[in-house]
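[1] here is my input; please provide its structure:
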Amino acid sequence: MTRLALSLACGPYDRTEALRLGVVQVEGVDLTYVPIQSPPEIFARMVKAHAFDAAEMSTAHYLTLKARGPFPYVAIPVFPSRLFRHGFIFVNRRSGIRAPNDLEGRRIGVQEYRQTAAVWIRGILADEYGVSFANVHWVEGGVDAPRRTDDDMDLRPLVPVALTRAGEGETLNGLLAAGRIDALIGARRPSSLGSVPDVVRLFEDYRAVERSYFIRTGIYPIMHTIVLREDLLARQPWLAESLFKAFVAAKSWALREMRFSGAQRFMLPWMFHEIDEIDRLFGGDPWPYGIEPNRKTLETLMRYLADQRFVERVVPIDPLFAPIVGWEE
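    Numbers count the residues shown, from 1 in each chain. Next up is the predicted model:
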C-alpha cells in the first residue's frame, strides 16, 4: 500500500523529536518534518502560501479565524507549545509601575497585539488582578529587531484599539530601556533585561506566582496547536487520528528519554529535581493532548478572545477540532 506523502512544519521540540528523527512513524504516512525555529515564520508560510500539509499554528489566530468564518485548516488537539506568562511582563522602573493595576492607562509594547501570549497576559491580568486595559496605548514592534512592515497577517479586534507601530528602525527593547514605553508584554524576553538596571519583570519571583496560578486554576497556558489542510482531511479522514497518535507517542518517548538517569539528556543542572516537581504538580505529564484534559484552558482562551473582542461571542471548543475517535492516552 502506498503511504501518503505529508509535510509537517513544526518547531524542533523535544516532544516532537521522535517524529523528526523517524523514531515514531505516522500510520499510513511518509512524513517530511520541516523543523523551523521561528513560530511566526511557520504561521506566515502556512496562512499566506499554504506551504505545508500540516503545521504548528498560533492557537489564538486559529480560534479567531475559525470562529469568524471559513478557514481552510482544521486543528487536531495537539499543543506543541505551552508557557506560563506571568514572567513575560516587563516594566521600566522609572515608570513607577510596581503592581499589576499600575499598568492601567500606560504605553505598553507588544510584538503583535493578536499574538496568543499577549491574549493570555491581558486575560490573566484582568481575571486575577482586575486590570483594565480600556485606556492603554499599545505600541507594536519587534522586540530586539525592528518588525517587518509588510506583515499582513495582523488580526485586529472587532472594536477600535489605541494602537500604533514603533517607528522605522525602532525596537520595543530600545523603547522600554529608554522609558518611551512603560511596559512590554508578549512572547519574547527583551535583551535589556539583566543589562539595563531599570528594566525588570513585574513579577520578580514569577515562578512562584505561576506555580500558585496553576495550583489554583489548573491552567498551563496553551500557545500553539497543529492544523491540517481541511481539503486533505476531507479526502483522508483517517489522517487526524494517525497524526494525533504519533504526536502522543513522540511525547511519551521524550518523557521516557528525559527520565533516563544514567546520563543527563539536557543541560539543566537540577533536572531531576524538576522532574520530581512535574510528578507532584502535573501528575507526570505537563503536556497533555486531547480536548478533555485541556478543556478549561481552551475555554478560558476562547473567553479571553471574546472579552478582548477578537470574536463576537464565545464559541464551543469541540467543533473547532477534528474529532479523535477511539483514543486513550
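
[2] those helices in the stretch 51-200 of the chain, which residues are they?
    Taking DSSP state H, counting those that start in this stretch as the criterion, the stretch 51-200 of the chain carries its helices at 59-68, 116-129, 172-177.

[3] tell me what the longest one is packed against?
    For helix 116-129, the elements it packs on are helix 59-68, strand 183-185, strand 222-229, helix 295-307, judged by 3 or more C-beta pairs under 8 Å, 6 or more residues apart in numbering; DSSP states H and E. Just so you know, the C-beta spots here come from the backbone N, C-alpha and C atoms, and that holds for glycine as well.

[4] recalculate using a threshold of 7 Å.
    If you count contacts as 3 or more C-beta pairs under 7 Å, 6 or more residues apart in numbering; DSSP states H and E, helix 116-129 packs onto helix 59-68, helix 295-307.

[5] okay, that helix in CSV with CA atoms only?
    Extracted in CSV, the C-alpha atoms of helix 116-129 (Å, rounded to 0.1, in the frame of the first residue of the first chain):
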residue,chain,number,x,y,z
THR,A,116,-1.5,34.2,21.8
ALA,A,117,0.9,35.2,24.5
ALA,A,118,-0.5,38.8,24.6
VAL,A,119,-4.1,37.5,24.7
TRP,A,120,-3.2,35.3,27.7
ILE,A,121,-1.3,38.0,29.6
ARG,A,122,-4.2,40.6,29.2
GLY,A,123,-6.7,37.9,30.2
ILE,A,124,-4.8,36.8,33.2
LEU,A,125,-4.1,40.3,34.4
ALA,A,126,-7.8,41.2,34.0
ASP,A,127,-9.0,37.9,35.7
GLU,A,128,-6.5,37.7,38.5
TYR,A,129,-5.8,41.3,39.3
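
[6] for the record, mean pLDDT for that helix?
    On average, the pLDDT along helix 116-129 is 98.

[7] state the mean pLDDT of the strand ranked longest in the chain.
    The single longest strand within the chain, with elements called by DSSP state E, is strand 73-82. What strand 73-82 shows for mean pLDDT is 98.

[8] now it: how far from the chain's centre is it?
    10 Å (C-alpha atoms, centre = their mean, to the nearest Å).

[9] who's in contact with it?
    By C-beta atoms under 7 Å, 6 or more residues apart in numbering, the surrounding residues in contact with strand 73-82 are 10-11, 13, 15-16, 39, 56, 62, 220-230, 233, 240, 243-244, 247, 287, 289-291, 294, 320-322, 324.

[10] could you rerun that using 6 Å?
    For strand 73-82, the external contacting residues (C-beta atoms under 6 Å, 6 or more residues apart in numbering) are 10, 13, 56, 62, 220, 222-228, 230, 233, 240, 243-244, 247, 289-291, 321-322.

[11] JSON lines please, covering the helices and strands packed on helix 116-129 and showing mean neighbour count.
    Formatted as JSON lines, those follow (neighbours: other C-beta atoms under 10 Å):
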{"stretch": "helix 59-68", "mean neighbour count": "22"}
{"stretch": "helix 295-307", "mean neighbour count": "18"}
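
[12] what residue ranges in this structure score low on pLDDT?
    1, 149-153, 327-329 (pLDDT under 70).

[13] quick one: end-to-end distance for stretch 16-34.
    End-to-end span of stretch 16-34 (C-alpha to C-alpha, to the nearest Å): 11 Å.

[14] in it, what's buried?
    Buried residues in stretch 16-34, counted by 16 or more other C-beta atoms under 10 Å: 16-20, 24, 26, 29, 31, 33.

[15] residue nearest the centroid of the protein?
    Met223 (1.8 Å; C-alpha atoms, centre = their mean).

[16] helices of the stretch 201-329 of the chain, residue ranges please.
    Going by DSSP H, counting those that start in this stretch, the stretch 201-329 of the chain shows helices at 206-217, 230-235, 239-259, 271-282, 295-307.

[17] so which elements touch the longest one?
    Going back to what we said before, that points to helix 239-259. helix 17-21, strand 73-82 (3 or more C-beta pairs under 6 Å, 6 or more residues apart in numbering; DSSP states H and E).

[18] would you list the helices of the stretch 201-329 of the chain in TSV and tack on distance to Ala118?
    Below are the helices of the stretch 201-329 of the chain laid out as TSV (distance: least, C-beta to C-beta, whole Å):
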stretch	distance to Ala118
helix 206-217	17
helix 230-235	27
helix 239-259	26
helix 271-282	25
helix 295-307	10
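
[19] closest to Val110 out of those helices?
    helix 295-307 (14.5 Å; C-beta to C-beta).

[20] from the chain's centre, how far out does the closest one sit?
    Worked out by C-alpha atoms, centre = their mean, helix 295-307 lies 13 Å from the chain centre.

[21] CA atoms only: put that helix into PDB for me.
    The C-alpha trace of helix 295-307 is given here as PDB (Å, rounded to 0.1, in the frame of the first residue of the first chain):
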ATOM      1  CA  ARG A 295     -11.000  21.900  28.100                       C
ATOM      2  CA  LYS A 296     -10.700  24.500  30.800                       C
ATOM      3  CA  THR A 297      -7.600  26.000  29.300                       C
ATOM      4  CA  LEU A 298      -9.100  26.200  25.800                       C
ATOM      5  CA  GLU A 299     -12.400  27.600  27.000                       C
ATOM      6  CA  THR A 300     -10.500  30.200  29.000                       C
ATOM      7  CA  LEU A 301      -8.600  31.300  26.000                       C
ATOM      8  CA  MET A 302     -11.800  31.400  23.900                       C
ATOM      9  CA  ARG A 303     -13.400  33.600  26.700                       C
ATOM     10  CA  TYR A 304     -10.400  35.900  26.600                       C
ATOM     11  CA  LEU A 305     -10.700  36.200  22.800                       C
ATOM     12  CA  ALA A 306     -14.400  37.200  23.300                       C
ATOM     13  CA  ASP A 307     -13.600  39.600  26.100                       C
END
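
[22] no more questions from me, cheers.
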